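[1] My questions concern the predicted model and sequence given below.
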Amino acid sequence: MDATTDKDPQVQEQIYTALCFLGDSEPEEILHCCDEYLRQHDKLAYPHRVIILKAMETVVKNNIALLDKSTAKEVIRDWQEAASSVLVAVGQRFINKVMEEVLTKFQPGILPHYFVLQTFANLSVSNGEP
């Protein structure tokens, strides 16, 4: 997975494809490996983090019927947390665009998802005045 940091888009695409291919034969193992990698590399630049997150999404979508309930619950939480972190990282440069997108998740009369609120909180901390 370290190759996701390669600047060549073809190498990045090959890593994505390989993760998805491996995920078709061992979905829980690949999801666990991706999760561990993201945890161990919490400073990984968001474009590279996105490659792994997209692979995780594809593995989940393609193998949802095979996943254990506890794995699915853990993956969803971790995936949402990682996606929130990506939005916060992007928001350090493009705060208006990220805020526009996050605000679309607020619907009248419906409580927002936990990670929407978490993303707002982290955006405010990362973009606050010193």
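    Yep, it's here.
[2] okay, CA-based contacts and neighbour counts for the rest of this
    Fine.
[3] ok, how many other residues are close to the nearest residue to residue 71 once chain neighbours are set aside?
    Closest residue to residue 71 apart from its sequence neighbours, by CA to CA, 6 or more residues apart in numbering: residue 28 at 7.0 Å. Around residue 28 there are 20 other residues, counting by other CA atoms under 10 Å.
[4] what about residue 28, distance to residue 37?
    14 Å (CA to CA, to the nearest Å).
[5] so the residue nearest to residue 71 makes contact with residue 70?
    No. Using CA atoms under 8 Å, residue 28 makes no contact with residue 70, being 10.4 Å away.
[6] Pull up the per-residue confidence for residue 122.
    At residue 122, the model reports a pLDDT of 90.
[7] Please apply the same query to residue 42.
    So residue 42 comes in at 78 (pLDDT).
[8] again with residue 89
    Value for residue 89, per-residue pLDDT: 83.
[9] Over to the residue nearest to residue 71. Which of the three states is it?
    helix (DSSP: H, G, I helix; E, B strand; the rest coil).
[10] and residue 118, which of the three is it?
    helix.
[11] For burial, what's the neighbour tally of it?
    15.
[12] what do you get for residue 69?
    Neighbours of residue 69 (other CA under 10 Å): 11.
[13] shaky segments in the protein?
    4, 72-73, 75, 129-130 (pLDDT under 70).
[14] what residue is smack in the middle of it?
    residue 83 (3.5 Å; CA atoms, centre = their mean).
[15] what's the closest non-adjacent residue to that one?
    Here the residue nearest residue 83, using CA to CA, 6+ apart, is residue 53, at 7.6 Å.
[16] what sits against the one you found?
    79, 82, 83 (CA atoms under 8 Å, 6 or more residues apart in numbering).
[17] Secondary structure element for it, which one?
    helix 46-63 (DSSP states H and E).
[18] buried stuff in that helix?
    Going by neighbour count (16 or more other CA atoms under 10 Å), the buried part of helix 46-63 is 46, 48-60, 63.
[19] helix or strand right after it?
    helix 69-91.
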